[in-house]
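Colleague: Pasted the sequence and its predicted model underneath.
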Amino acid sequence: MTDQLKDLSKSLAVTVFVPSLKAADKHGVLAEIADSFVAAGKVKPEFRDSVFASLAEREGKMSTGMQYGLAIPHAKTDIVDRLATLVALSPGGIDFDSIDNAPAYIFVATLSPRSDANSHIKFLAEVSRQLSNRRIRERLVAAKTAEEMIAAICGEHG
């Protein structure tokens, strides 16, 4: 495993994983992301609505739907004191106003403290580098557990 993959693997060890989103639209995805951060203890329950509002406000400025089935919802907030990351899957795909007009299947979400402008960029760059590979994306979408999701992202075989 390369050093970049080792770093990514360490980052993924504290990431929230949602193997199958229940949401059917963009609003629902953002709500489920906020709920998942709360359920994982990354955000206190009383801040759930604020997280949702921050993600929705960012989406309102410009969609984070990319291409190849990837969306990267993110927000800067004073609610977290360190980077919080989430990787979620929607096996059926969701219209996320992506730049290629295709549905999004893979969601890589971050919440970063306003005081830390760069930690989310490094994480997203590492994940995006891996997800530029079609086979890795296909393995990720087929994953059913957090462990399978990590293995797919890191390009591990097994």
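Modeller: Perfect, thanks for sending it.
Colleague: Break down this structure into its strands, ranges please.
Modeller: If you assign secondary structure with DSSP state E, the strands in the chain sit at 16-18, 70-71, 74-77, 84-94, 104-113.
Colleague: show me what contacts A109?
Modeller: Taking Cβ atoms under 8 Å, 6 or more residues apart in numbering as the definition of contact, the neighbours of A109 are I33, L55, I72, P73, H74, T85, L86, V87, A88. No exception for glycine: its C-beta is placed from N, CA and C like everyone else's.
Colleague: Any idea what it is bridged to?
Modeller: On the basis of DSSP bridges, A109 takes part in beta bridges with L86.
Colleague: Distance check, it against H120.
Modeller: Counting by Cβ to Cβ, to the nearest Å, the gap between A109 and H120 amounts to 10 Å.
Colleague: Now the common contact residues for these two.
Modeller: Both A109 and H120 are in contact with H74, T85, where contact means Cβ under 8 Å, 6+ apart.
Colleague: quick one on the thing from earlier: possible to save the contacts of A109 as JSON lines with neighbour count, distance to A104 and pLDDT?
Modeller: What follows is these, written out as JSON lines (neighbours: other Cβ atoms under 10 Å; distance: Cβ to Cβ, whole Å; pLDDT from 0 to 100):
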{"residue": "I33", "neighbour count": "25", "distance to A104": "12", "pLDDT": "98"}
{"residue": "L55", "neighbour count": "25", "distance to A104": "14", "pLDDT": "97"}
{"residue": "I72", "neighbour count": "19", "distance to A104": "9", "pLDDT": "94"}
{"residue": "P73", "neighbour count": "26", "distance to A104": "10", "pLDDT": "96"}
{"residue": "H74", "neighbour count": "23", "distance to A104": "14", "pLDDT": "94"}
{"residue": "T85", "neighbour count": "23", "distance to A104": "17", "pLDDT": "92"}
{"residue": "L86", "neighbour count": "22", "distance to A104": "14", "pLDDT": "95"}
{"residue": "V87", "neighbour count": "23", "distance to A104": "12", "pLDDT": "95"}
{"residue": "A88", "neighbour count": "24", "distance to A104": "10", "pLDDT": "97"}
